[in-house]
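Engineer: predicted coordinates and the sequence they were generated for:
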Amino acid sequence: MLLKKFRQSGPDVMILTVIILILTWLGTFLHPRLPSVQGFDVMPMPLFSLLLSVSSFSAFFSVFVAFLLVLLIAYLLVNFNTSAFFISERTFLPAVVFILLAALFPEYQLLNPVLPAAVFLILAIRTIVESYKVHGTAYSFFDAGVLIGIGSLFYAPLIWMGLILFTGILILRTVNFKEIIISIFGLATPLFIVYGILYVAGKNMQDQLSAVSWNLFGREAGYAVSGTKLALIITAGVLILIAAVHLLQVLNMKKVKSRKTFNLLMWTFFITLGVMLFFGSVSAEIHFLLIIPPCYIITHYFVFSMSRRIPGIMMTVLFLIAAAA
């Protein structure tokens with residue numbers, strides 16, 4: 001019943017999606033917390049430091065800004081599929097799935113650097129996909145590099161997601177050395193501009209470089225997982241695995257652009273997972289990035305599964321996981 005309703009695309013579904021987001025954030029709005037609770041104000045990256053300076057005068061306003069960022073992410077997830085149409089159905093399900101999976105970690109429902117970084121990552125993936133069938137040099141890889149570079153000025157570990165630029169070239173294009181070079185230049189351009197401005201403004205560059213080093217390698221970001229939380233994470237992982245197996249079974253039957261888009265999304269997931277596993281400076285806050293590809297994979301399963309019962313059960317389980325978390 002739940003899935004049948006959310007597979008529709010009317011304005012009532014959009015309103016329901018916003019209501020679900022509000023409900024998952026209700027506890028946070030009743031007990032708002034500043035970014036300092038999770039240590040996000042310690043040696044922040046330049047653009048996140050700027051965001052902190054204009055939003056952290058009030059815990060409630062800080063949480064409200066974070067909420068708006070999540071709402072923007074949900075919109076971009078839906079809009080990406082609407083524009084690229086790789087799932088072949090217009091639906092709000094990517095936003096619903098993202099909201100429910102994000103609710104697994106309510107302790108990160110505060111202003112944190114991953115939220116603006118996620119916005120730029122989605123825009124970068126969308127820009128990479130737009131390079132498909134572009135004749136000559138696809139300068140959109142420069143644009144995608146710029147977007148990831150800007151995102152890394154909020155959340156430094158996003159810089160490792162620059163790997164999806166080269167993955168995108170391999171998946172979507174015939175390998176072109178020029179496109180590799182412009183991708184690197186795009187990635188570096190925001191860093192040169194922002195740090196150049198900071199240098200001209202007389203900021204201590206040693207402190208700025210120390211902040212970069214600390215955010216990439218020095219921060220010890222441990223995360224204690226309770227038994228209940230581990231059970232919820234495993235349950236969510238099983239749902240993602242079921243949807244991924246279904247997608248792999250039918251992937252070769254899809255249109256070329258859809259197939260390549262899903263391949264890029266899967267590589268984005270594995271790169272994000274690798275960053276989470278191998279860099280001690282990254283903690284559970286990266287789940288906002290990690291769950292972006294599964295939103296589309298699970299949505300694809302909900303739309304195309306031949307089974308009528310299992311997708312409905314999975315949707316109900318997603319709601320129960322969010323409620324339990």
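Structural biologist: Yes, it's here.

Engineer: just give the number of residues close to residue 128.
Structural biologist: 29 (other C-beta atoms under 10 Å). Just so you know, the C-beta spots here come from the backbone N, C-alpha and C atoms, and that holds for glycine as well.

Engineer: so it touches residue 263, yeah?
Structural biologist: No: the pair formed by residue 128 and residue 263 falls short of the contact definition of C-beta atoms under 8 Å, at 11.5 Å.

Engineer: and the strand or helix carrying residue 15, what does it pack onto?
Structural biologist: Counting by DSSP states H and E, the element that carries residue 15 is helix 11-24. Helix 11-24 makes packing contacts with helix 2-6, helix 59-84, helix 93-102 when contacts are defined by 3 or more C-beta pairs under 8 Å, 6 or more residues apart in numbering; DSSP states H and E.

Engineer: what comes into contact with the helix or strand that comes right after that helix?
Structural biologist: Scanning the chain past helix 11-24 towards its C-terminal end, the next helix or strand to appear is helix 26-30 (assignment: DSSP H and E). Contacts made with helix 26-30 from outside it, assessed by C-beta atoms under 8 Å, 6 or more residues apart in numbering, are listed as 60, 63, 64, 67, 106, 109, 110.

Engineer: look at stretch 29-45 and report the distance between its end residues.
Structural biologist: The separation between the terminal residues of stretch 29-45, taken as C-alpha to C-alpha, to the nearest Å, is 26 Å.

Engineer: buried sites along stretch 264-276?
Structural biologist: Using 16 or more other C-beta atoms under 10 Å as the burial criterion, the residues of stretch 264-276 that qualify are 264, 265, 266, 267, 268, 269, 271, 272, 275, 276.

Engineer: pLDDT score for the residue nearest the centre of the chain?
Structural biologist: Closest residue to the average C-alpha location of the chain: residue 289 at 3.1 Å, with C-alpha atoms, centre = their mean. Note for residue 289: predicted pLDDT of 97.

Engineer: one more: residue 264?
Structural biologist: 97.

Engineer: correct me, but it touches residue 164?
Structural biologist: Yes: at 6.9 Å, residue 264 and residue 164 qualify as touching, with contact defined as C-beta under 8 Å.

Engineer: which neighbours do those two have in common?
Structural biologist: Common neighbours of residue 264 and residue 164 are listed as 125, 128 (criterion: C-beta under 8 Å, 6+ apart).

Engineer: sorry, back to before: which element, helix or strand, includes the residue nearest to the centre of the chain?
Structural biologist: Secondary structure from DSSP H and E places residue 289 in helix 287-290.

Engineer: tell me where the stretch 51-200 of the chain has helices.
Structural biologist: According to DSSP state H, counting those that start in this stretch, the stretch 51-200 of the chain carries its helices in the segments 59-84, 93-102, 114-129, 140-152, 163-172, 177-200.

Engineer: those into TSV, with extra columns for distance to residue 323 and mean pLDDT?
Structural biologist: Formatted as TSV, the helices of the stretch 51-200 of the chain follow (distance: least, C-beta to C-beta, whole Å; pLDDT from 0 to 100):
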stretch	distance to residue 323	mean pLDDT
helix 59-84	18	96
helix 93-102	9	96
helix 114-129	22	97
helix 140-152	31	97
helix 163-172	33	94
helix 177-200	40	95
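
Engineer: of all the ones you listed, which one is nearest residue 6?
Structural biologist: Residue 6 sits nearest to helix 93-102 of all those, at 5.4 Å, using C-beta to C-beta.

Engineer: and the closest one, what does it pack against?
Structural biologist: helix 11-24, helix 59-84, helix 287-290, helix 292-304, helix 310-324.

Engineer: distance check, residue 190 against residue 4.
Structural biologist: Taken as C-beta to C-beta, to the nearest Å, the spacing of residue 190 relative to residue 4 amounts to 44 Å.

Engineer: I appreciate the help and will end here.
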